[in-house]
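>>> sequence plus predicted model, see below.
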Amino acid sequence: MKALVYTGPRKIVYREEPDPAPEAGEALIQVEAVGICGSDLHAYLGHDERRPPPLILGHEVSGRALSGKREGERVVLNPLVTCGHCDDCLGGRSNLCAGRQIIGMPPRQGAFAELVKIPEVNLVPVPEDFDPVKAALAEPTATALHAISVSEKALWRPLVEGRALVLGAGAVGISAALALRSRGVREVSVGDTNPRRRRMAKVAGELAVYDPVEGREPEPNAYDLVVDAVGGRETRKAASAAVKPGGVIVHIGLMDAEGGLDVRKLTLQEITLIGIYTYAMVDFRAAVKALSSGVLGPLDWVETRSLSEGAQAFADLEEGRAAAAKMMLRPGQ
């Protein structure tokens, strides 16, 4: 099969690789679309020791099952492989499974390829006529829905009564903003430093968009919910400033690990800080339903390129030349 292989910092090669061989309980998937996640870009830059080269990255996937119980069906892949029998898995928190693995991270190869293997229990069917590019948005959308579901439990007032701020206009940020709008939140603001992404965010939904670089910071102490979809020092600083007393910050992004958080404010004003990692299968199924039903809009904030053009796509993302909130790669095109 043809695959896009990460071979070293800022080096990614389109080349021939052995076909994956499914083991018992696994299915072989013909990849139709796969998104470039921020974590893939992080690895590409050489900043993720968990993803050593050589490695096939990619975990935001839609395709068609070529084997197993869903053979012939259009599917999306929940890339998080868990044990299925620990307390967290049985308690509905499989994303916290101590033995979890994810495709695109050793020991599992990812989906920047024509084929990928995965346990059959990780497959979620999608309508046959649903665009595979839009279907592949299920993974970042599931992350956003999980963040909102968890934050709703921590908010003192109903979500629909509050104001929300989303930091970062990538796929997770846009998905979170659109999901908040779909749940009746009237005022949703989105901040991003990339002018191309800000323009894309404006057309994605009825969102107030601003540029943090120009000093157009959101109103301080004013937002019931702040979603940090970047996870950097500066966005944590912005989230700390913007959240209102008694409000909630959900921290999704993994840009860096230190600085920015105003711990004194969190303490004195009873701010709830929640770390969010991926999703449970129920979030994944909800994401497929939301995307395919049109609840999140036309989903026209995606750019599509051939898998063979993957190296250039990574370079364009690094240099900020990509306007779309999500870059999708398609094998065979």
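Received the coordinates, thanks. Everything numeric here is computed off the predicted structure, so don't read it as measured data. Numbers count the residues shown, from 1 in each chain.

>>> give the residue farthest from the middle of this protein.
Relative to the mean C-alpha coordinate of the chain, counting by Cα atoms, centre = their mean, the farthest residue is residue 268 (32.1 Å).

>>> tell me which residues in stretch 176-196 are buried?
Residues of stretch 176-196 classed as buried under the neighbour-count rule (16 or more other Cβ atoms under 10 Å) are 176-181, 185, 187-194. For every residue, glycine as well, the C-beta is placed using N, CA and C.

>>> and those, which of them are in strands?
When strands are assigned by DSSP state E, the members of those inside them are 187, 188, 189, 190, 191.

>>> the second one and residue 103, how far apart?
In this case it means residue 188. The gap separating residue 188 from residue 103 is 32 Å, by Cβ to Cβ, to the nearest Å.

>>> same question for the fourth one.
Remark: distance between residue 190 and residue 103 (Cβ to Cβ) = 29 Å.

>>> any idea which residue sits dead centre in the chain?
With distances taken as Cα atoms, centre = their mean, residue 140 lies nearest the centre of the chain, 2.7 Å away.

>>> skipping adjacent residues, who's closest to that one in space?
residue 171 (3.9 Å; Cβ to Cβ, 6 or more residues apart in numbering).

>>> what of residue 235?
Here the nearest residue to residue 235 in space, its sequence neighbours aside, is residue 167; by Cβ to Cβ, 6+ apart that works out to 4.4 Å.

>>> would you confirm that the one you found contacts residue 226?
Yes. Contact criterion Cβ atoms under 8 Å: residue 167 and residue 226 qualify, at 7.0 Å.

>>> hmm, back to that, the residue nearest to residue 235: neighbour count?
A count of nearby residues for residue 167, using other Cβ atoms under 10 Å, gives 29.

>>> which residues does it bridge with?
With DSSP bridges as the criterion, the beta-bridge partners of residue 167 are residue 191, residue 228.

>>> which pLDDT does the model give it?
The model reports residue 167 with a pLDDT of 97.

>>> quick one, what contacts it?
With contacts taken as Cβ atoms under 8 Å, 6 or more residues apart in numbering, residue 167 has the following neighbours: 173, 190, 191, 192, 226, 227, 228, 229, 230, 235, 238, 239.

>>> and those residues as TSV, adding pLDDT and distance to residue 263?
TSV is the format used below for the contacts of residue 167 (pLDDT from 0 to 100; distance: Cβ to Cβ, whole Å):
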residue	pLDDT	distance to residue 263
173	95	24
190	95	26
191	95	22
192	93	26
226	98	15
227	98	19
228	97	15
229	96	21
230	95	19
235	95	16
238	95	15
239	96	12
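
>>> show me where the stretch 1-150 of the chain has helices.
When assigned using DSSP state H, counting those that start in this stretch, the helices of the stretch 1-150 of the chain occupy the ranges 38-44, 87-90, 132-135, 138-154.

>>> in the second one, what counts as buried?
Yep, that's helix 87-90 we're talking about. 88, 89.

>>> show me how this structure divides into domains.
Under automatic domain parsing, the residue ranges defining each domain of the chain are 2-137+299-330, 141-275.

>>> surely residue 217 and residue 240 touch.
No. Contact status for residue 217 versus residue 240: not in contact, 11.8 Å apart, counting by Cβ under 8 Å.

>>> so the two - more neighbours on which side?
With neighbours defined as other Cβ under 10 Å, residue 217 and residue 240 compare such that residue 240 has more, 22 against 14.

>>> before we move on, what SS does that one have?
Reducing the assignment to helix, strand or coil with DSSP: H, G, I helix; E, B strand; the rest coil, the entry for residue 240 is helix.

>>> pull the contacting residues for it.
By Cβ under 8 Å, 6+ apart, the contact set of residue 240 is 249, 260, 261, 262, 265, 266, 271.

>>> any idea how far residue 243 is from the residue nearest to it when sequence neighbours are not counted?
In space, and not counting its chain neighbours, residue 240 is closest to residue 262: 3.6 Å by Cβ to Cβ, 6+ apart. Residue 262 sits at a distance of 9 Å from residue 243 (criterion: Cβ to Cβ).

>>> what about those two, which has more around it?
residue 243 (27 against 16).

>>> in which helix or strand does the nearest residue to the more buried one once chain neighbours are set aside reside?
Nearest residue to residue 243, sequence neighbours excluded (Cβ to Cβ, 6+ apart): residue 226, at 4.9 Å. When secondary structure is defined using DSSP states H and E, the element that contains residue 226 is strand 223-228.

>>> return that strand as PDB; C-alpha atoms alone will do.
Coordinates of the C-alpha atoms in strand 223-228 are reproduced here as PDB (Å, rounded to 0.1, in the frame of the first residue of the first chain):
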ATOM      1  CA  TYR A 223     -17.600  34.100  30.200                       C
ATOM      2  CA  ASP A 224     -19.300  31.200  32.000                       C
ATOM      3  CA  LEU A 225     -17.400  28.700  29.900                       C
ATOM      4  CA  VAL A 226     -14.000  29.000  28.200                       C
ATOM      5  CA  VAL A 227     -12.800  26.200  25.900                       C
ATOM      6  CA  ASP A 228      -9.100  26.200  25.400                       C
END
